[in-house]
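Novice: Got a sequence here, can you model it:
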Amino acid sequence: MSADGNSWEWPFHCTNCYQPYPSSGFPYRCEKCGGLFDFTDPISYDPAQPAGRGRRSIERFRRSFPLPVDADFISLGEGDTPLLSTRIFSREIFFKCEHLNPTGSFKDRGSAVLVSALAAAGIEDAVEDSSGNAGASLSAYAARAGIRVCIYVPEYASGPKRSQIDAYGAQVVQIPGPRSVTAQAVQREAERGIVYASHAYLPHGIAGMVTIAFEIAEQLKGSPGTVITPVGQGTLLLGLHRGFRALQSTGVIDRTPALVGVQASACAPLWAVFSGGTSDLSMTSEGATVAEGVRIIHPLRGDAILQAIRESGGEMIAVDEEKILKGRDALARIGLYVEPTSALVVPALEQVLETCPDPIVLVLTGSGFKVLEE
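Specialist: From the prediction side, this is the model:
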């Protein structure tokens, strides 16, 4: 439903059986076959729409979002994050500072679109699972929209993230065991009928991630040569890929960048498949890592992520724990205080520096205030 009660057709279809997203209800997966929903057509970019550049919100890109025209846009001022430059290893490197979003992570871009969609559909209660950042972000935007949410988090989730979720008024349910067990717990709750506002299953939030690509191109006044970003569920990398393709299709940029995804070696399923094929996946475990934001053993859109990386001419990198912490400390020494998940990009840069084209952009995904001291 749109905000005034008129029927609204969501621009999604099931990637397995091709059924369109239903006009009523808010299912997180296809009710016919259990498949994932995704956009039916490529996300578009309207060169005329960034006219409201002075306003600090991704709402200026709302023509790219899967929302009814008359829907209220739920915003906390997300987006327009700085693109800072510095010299590392004798190269100019740019940092896209997504840790400076309202709740301290890039997830705010996706939450703004997803919660706007929930509100437009008249949803009053929802559940979500998260290692921390997505849950905190959804809780904040849901509070802004007057939607009640319950967030399931793994017991190991950072204390500050749990406190942040609780502060927004959301119910917090801690689940013992690995991240995958938390996802299973919330799905059992969803089967009882409550809306599962999943940032991983639902495609709405990908449109929010697309805006990072739009902003990078504006800030560089052209396309980067390489973008390096952490990958857990991978919606950020998918959003970057689709955003740069949209810009290229309208002639705003003449090339798309190589995308480099980074995972922690302790839990690196996409790196395993990219490097050795599906046979190597059986040897991958959901090991503990300080980069808790990428501790995802079964990324739902893994095939699409790997395809995006290959199409871009990029690659997947895996990084050991010691190097993650060294990367975090190195960033702090230049004034960038981020959580370990964000710091994955620094040791990854070392691995690809000799081959990746300029300009090089590293996406810093989450604030250092999100975690306790190691």
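Novice: The host helix or strand of Val149 - contacts with which helices or strands?
Specialist: For Val149, the element it lies in under DSSP states H and E is strand 148-154. When contacts are defined as 3 or more Cβ pairs under 8 Å, 6 or more residues apart in numbering; DSSP states H and E, strand 148-154 packs onto strand 125-129, helix 133-145, helix 159-167, strand 171-175, helix 179-190. Backbone N, C-alpha and C define where each C-beta goes, glycine included.
Novice: Repeat the analysis, applying 7 Å as the threshold.
Specialist: The contact analysis (3 or more Cβ pairs under 7 Å, 6 or more residues apart in numbering; DSSP states H and E) places strand 148-154 against strand 125-129, helix 133-145, strand 171-175, helix 179-190.
Novice: Pop out the phi and psi values for the closest residue to Leu83 other than its chain neighbours.
Specialist: Nearest non-adjacent residue to Leu83, counting by Cβ to Cβ, 6 or more residues apart in numbering: Gln219, 4.1 Å away. Main-chain torsions, Gln219, degrees, to the nearest 10: phi -70, psi -30.
Novice: Does Gln219 touch Leu84 like I think?
Specialist: No - contact criterion Cβ atoms under 7 Å: Gln219 and Leu84 do not qualify, at 9.9 Å.
Novice: In contact with Thr15, which residues are there?
Specialist: Gly35, Leu36, Asp38 (Cβ atoms under 7 Å, 6 or more residues apart in numbering).
Novice: Looking at these, spot the one nearest Ala126.
Specialist: Using Cβ to Cβ, Leu36 comes nearest to Ala126 of the contacts of Thr15, at 18.5 Å.
Novice: which non-adjacent residue is nearest that closest one?
Specialist: That would be Thr15: by Cβ to Cβ, 6+ apart, it lies 5.1 Å from Leu36.
Novice: For the closest residue to Phe37 other than its chain neighbours, list the residues it contacts.
Specialist: Here the nearest residue to Phe37 in space, its sequence neighbours aside, is Phe12; by Cβ to Cβ, 6+ apart that works out to 4.4 Å. The contact partners of Phe12, by Cβ under 7 Å, 6+ apart, come to Tyr21, Phe37, Asp38, Phe39, Thr40, Pro203.
Novice: Need the buried ones from these selected in ChimeraX.
Specialist: Selection of the buried residues among the contacts of Phe12 in ChimeraX, burial being defined by 16 or more other Cβ atoms under 10 Å:
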select :21,37,38,39,203
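Novice: Please flag which of the contacts of Phe12 sit within strands.
Specialist: Using DSSP state E, Phe37, Asp38, Phe39 are the members of the contacts of Phe12 that sit in strands.
Novice: so which of the residues you listed would you say is closest to Gly225?
Specialist: Minimum distance to Gly225 across the ones in strands among the contacts of Phe12 is 26.3 Å, recorded for Phe39 (Cβ to Cβ).
Novice: dump the residue contacts of the residue sitting nearest the centre point of the chain.
Specialist: For the chain, Leu236 is the residue whose C-alpha lies nearest the centre (Cα atoms, centre = their mean; 3.7 Å). Residues in contact with Leu236 (Cβ under 7 Å, 6+ apart) are Phe106, Met209, Thr229, Val363, Thr365.
Novice: List the buried residues in stretch 171-184.
Specialist: Across stretch 171-184, burial judged by 16+ other Cβ under 10 Å covers Val172, Ile175, Pro178, Arg179, Thr182, Ala183.
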